[in-house]
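*Asks:* Sequence below, structure please.
(one chain, ligands or ions: 1)
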Amino acid sequence: MTKEHDTNATGQVALVIGGGRGIGAAVVEAFARCGAQVVAADTDRLPSTFNHYRSTAVTGFTEARELAAKLTADGLDVSAAEVDATNEDAVRRLYQEIADGPGRLDTVVNAFGVTHVSPVERMELAEFRHVVSGNLDGVFLSSREALPLLRASGGGSIVNFSSVSGRSGFAKVSHYCAAKFGVVGFTAALAQEVAKENIRVNAVCPGIVRSNMWRYLLSEFVRPGETEDECWERMRTMVPQREFQTPDDIAGLVLYLASARRVTGQAISVDGGMSAP
Ligand SMILES: NC(=O)c1ccc[n+]([C@@H]2O[C@H](COP(=O)([O-])OP(=O)(O)OC[C@H]3O[C@@H](n4cnc5c(N)ncnc54)[C@H](O)[C@@H]3O)[C@@H](O)[C@H]2O)c1
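*Replies:* Numbers count the residues shown, from 1 in each chain. Below is the predicted model:
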């Protein structure tokens, strides 16, 4: 491995928002195993029920604390923090805690997100707004608050979560697609703004990872008379490689982006070829 792609993160601080479960939890573990001090931030309360948990009560922060306890017992440096990424004051408080605590920041991973299924004609404005804001507001708020800390640390990396739905449109998730295309645009624009300051901004675009999010999507997409296993097989045919991605597949790209010194403003897919032109 060349110095440019050195994944030894000893002495570095990484913040993963949405780090309590799913892909974010794999990212937390990957950074911790590379030697970073990691803050896994998440929430137990979402701002609306327009999400794939079908509830405002979730367990992200509770799971972040459990993850931190498990990895700390393994000798790794992981702590949990509570934040609703769509709440401006809460995001400010989180970054203040990092400034007051670890006192530096090298990598921010905005790994949170929500989805919901509804055709456009039956979608309320409230649903459209909540799904867009649940994926996009926090990317803006977290990136904005991160910049002073990254700058003070001599530069660093922001990795935002887009999706295969940020490269192609999919029926019944128009709000989610609008937001994830938006993440790609925001990422490219911010990368231009801060490129001279050694702050890099990139996006990752997962395809199908069998997390809580996709278990919900499957329950919505299953056809009458079809079993869930049959529906998974139908989804598999959407992937040219005929394999779903794992949280570790995505975490591998995030680690690469955190250390790839000449890569900025990019949106990179890990989707088994789903978005290949
Ligand atoms: N699973 C997939 O196939 C897939 C595909 C493409 C993109 N993505 C994206 O990857 C990211 C991770 O998704 P996942 O599949 O791991 O989902 P997940 O639901 O398993 O995990 C998402 C985590 O984000 C947290 N979260 C959601 N909204 C939050 C908020 N406002 N503030 C703080 N935390 C919040 C949740 O509590 C949860 O812990 C999301 O951005 C998602 O859109 C996932």
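*Asks:* Contact residues of the stretch 1-150 of the chain facing the ligand?
*Replies:* 17-18, 20-24, 42-43, 46, 58, 60, 83-86, 111-114, 134, 138 (CB under 6 Å from any ligand atom). For the C-beta atoms, the positions are set from N, CA and C on the backbone; glycine is no exception.
*Asks:* run the last query once more with 5 Å
*Replies:* Listed as neighbours of the ligand in the stretch 1-150 of the chain under the rule CB under 5 Å from any ligand atom: 18, 20-23, 42-43, 58, 60, 84-86, 112-113.
*Asks:* In helices, which of those residues fall?
*Replies:* 22-23, 60 (DSSP state H).
*Asks:* OK, contacts around the residue in the stretch 101-250 of the chain that the ligand sits nearest to?
*Replies:* The ligand sits closest to G113 of the stretch 101-250 of the chain, with a gap of 2.5 Å, by CB to the nearest ligand atom. Shown in contact with G113 (CB atoms under 8 Å, 6 or more residues apart in numbering): 18, 134-135, 161, 163, 213.
*Asks:* Please apply the same query to A126.
*Replies:* 48, 50 are the contacts of A126 under CB under 8 Å, 6+ apart.
*Asks:* hmm, back to that, just the closest of the contacts of G113 to E228, please.
*Replies:* Among these, M213 lies closest to E228 (CB to CB), at 15.2 Å.
*Asks:* Show the contacting residues for the closest residue to that closest one other than its chain neighbours.
*Replies:* Spatially, and ignoring its direct neighbours in sequence, M213 is nearest to H52 (5.0 Å; CB to CB, 6 or more residues apart in numbering). Residues in contact with H52 (CB under 8 Å, 6+ apart) are 114-116, 212-213, 216-217.
*Asks:* Make a markdown table out of the residues you listed and add pLDDT, secondary structure and distance to V78.
*Replies:* A markdown table is the format used below for the contacts of H52 (pLDDT from 0 to 100; DSSP: H, G, I helix; E, B strand; the rest coil; distance: CB to CB, whole Å):
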| residue | pLDDT | secondary structure | distance to V78 |
| --- | --- | --- | --- |
| V114 | 97 | coil | 24 |
| T115 | 96 | coil | 27 |
| H116 | 96 | coil | 30 |
| N212 | 92 | helix | 21 |
| M213 | 95 | helix | 23 |
| Y216 | 95 | helix | 27 |
| L217 | 95 | helix | 29 |
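*Asks:* From P119, how far off is the spatially most distant residue from the centre of the chain?
*Replies:* Relative to the centre of the chain, the most outlying C-alpha is that of G225, 33.9 Å out, by CA atoms, centre = their mean. Distance, G225 to P119, using CB to CB, to the nearest Å: 21 Å.
*Asks:* Which parts of the stretch 1-150 of the chain are strands?
*Replies:* Using DSSP state E, counting those that start in this stretch, the strands of the stretch 1-150 of the chain run over 13-17, 37-42, 78-82, 107-110.
*Asks:* Redo these as CSV? Include mean pLDDT.
*Replies:* As requested, the strands of the stretch 1-150 of the chain are arranged in CSV below (pLDDT from 0 to 100):
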stretch, mean pLDDT
strand 13-17, 98
strand 37-42, 98
strand 78-82, 98
strand 107-110, 98
